[in-house]
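# Sequence plus the predicted model coming up.
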Amino acid sequence: MAAAKSKPSNSPRPRDSKPAKSNNTPCWIKRWARAFRSALADWRLLDWINLAAADRHERANGATYREIEIALPRELNPDQRQALVLDFIRQEIGERHAHQWAIHNPGAALAGGEQPHAHLMYSERTVDGIEREAEQYFKRYNGTHPELGGCRKDSAGTEERLLETRQRWAEVQNAHLQQHGHAARVDHRSLADQGADTRLIQDYLGHRNIQHTVRYTAANPARFERLWR
């Protein structure tokens, strides 16, 4: 669900996406955005600027930003999905990190219908109210004199942090599903951790050709009902 990215992107906005929204952006990003708006009229302009600066000033092998990609419930309508994403951002990011998010809804290639999901990109540098230029922003944090160093970095790349994030996402998603009267629920655990028969999982996921999996599960729906709840 979460992955570290290290390269900027100035890809045009997909047709199925809503415009990206940003918050807690450093002063130098806003200033650069105003300067380059006409030349880079890009849906991820602030993201591009942040990554360009991070690639230049972040320490070697350091994550320039972190991205969380989350599937959204088909049961919710577009406004409800956006409210869900904003609720999760308030919980996970709040005012602590510069971040940007966007919702995409492409058609599902195999099963048809919607495939709504969101991208949340954020800097691991923690906002502390001190204005810094780009070069200082990415320097090592100075605990004794914070104004002389960079922003403190809160690394979320551990397996433990990832599992905790997955659990919190499941909880907030289930709360919104319940709020809107839907019986469906999400479980952040793997199928094996939920107690599903590993041989059944192998039958479900073991086909090399995904089209074979689609046809096989469609022909034996009762057998795989436990995995689709």
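Arrived safely, thanks for sending. Residues are numbered from 1 along each chain as shown.

# quick check: mean pLDDT across the lengthiest strand in the chain?
Ranked by residue count under DSSP state E, the longest strand found in the chain is strand 117-126. Mean pLDDT, strand 117-126: 88.

# Which residue is the nearest non-sequential neighbour of Val85?
Leaving aside its chain neighbours, Val85 sits nearest to Ala118 (4.9 Å; criterion: Cβ to Cβ, 6 or more residues apart in numbering). In short, each C-beta sits where N, CA and C put it, glycine included.

# Can you show me the strands along this protein?
Using DSSP E, strands in the chain cover 2-5, 21-23, 65-71, 97-104, 117-126.

# closest to Leu163 out of the ones you listed?
strand 2-5 (10.1 Å; Cβ to Cβ).

# residue contacts, Asp128?
Residues in contact with Asp128 (Cβ atoms under 8 Å, 6 or more residues apart in numbering) are Pro146, Cys151, Arg152.

# Am I right that the last one is in contact with Glu124?
So that's Arg152. No - at 9.2 Å, Arg152 does not count as touching Glu124 under the criterion of Cβ atoms under 8 Å.

# Among those two, which residue is more densely surrounded?
Per other Cβ atoms under 10 Å, whichever of Arg152 and Glu124 has more neighbours is Glu124, with 22 against 16.

# Show the contacting residues for the nearest residue to Gly149 once chain neighbours are set aside.
Leaving aside its chain neighbours, Gly149 sits nearest to Asn142 (2.9 Å; criterion: Cβ to Cβ, 6+ apart). Contacts were defined as Cβ under 8 Å, 6+ apart; by that measure Asn142 touches Leu148, Gly149, Gly150.

# pLDDT at Gly150, what is it?
pLDDT at Gly150 comes out at 89.

# Return the member of the contacts of Asn142 nearest to Glu164.
Gly150 (25.6 Å).

# Can you report how many residues lie near His180?
13.

# just checking, it touches Pro73?
No - with contacts counted by Cβ under 8 Å, His180 stays clear of Pro73, the gap being 9.1 Å.

# tell me the domain ranges of the chain?
2-179, 198-228 (automatic domain parsing).

# Look up how far Glu124 lies from Gly150.
11 Å (Cβ to Cβ, to the nearest Å).

# re the thing from before, any idea which of the domains of the chain scores lowest on pLDDT?
domain 198-228 (a mean of 59).

# Next, the angle strand 65-71 makes with the longest helix along the chain.
When the chain is parsed with DSSP state H, its longest helix is helix 159-179. With axes from the mean of the first three to the mean of the last three Cα atoms, to 10 degrees applied, the angle from helix 159-179 to strand 65-71 works out at 40 degrees.

# For Cys151, give me its contacts.
So Cys151 contacts Arg125, Thr126, Val127, Asp128, Ile130, Arg132, Tyr137, Phe138, Tyr141 (Cβ under 8 Å, 6+ apart).

# ok, now which ones touch Leu120?
Glu67, Ile68, Glu69, Ile70, Val85, Phe88, Ile89, Glu92, Ile93, His99, Gln100, Trp101.

# And the third one, how far from Leu86?
Think Glu69. 16 Å.

# same check, this time on the fourth one
When Cβ to Cβ is applied, the distance between Ile70 and Leu86 equals 12 Å.

# of the two, who's got more company?
Neighbour count, other Cβ under 10 Å: between Ile70 and Leu86, Ile70 has more, with 20 against 13.

# Now the more buried one. Nearest residue, chain neighbours left out?
Looking at Ile70 with Cβ to Cβ, 6+ apart, the closest residue is Ala118, at 5.2 Å.

# The one you found reaches Glu67, doesn't it?
No - Ala118 is not in contact with Glu67 according to Cβ under 8 Å; the separation is 10.6 Å.
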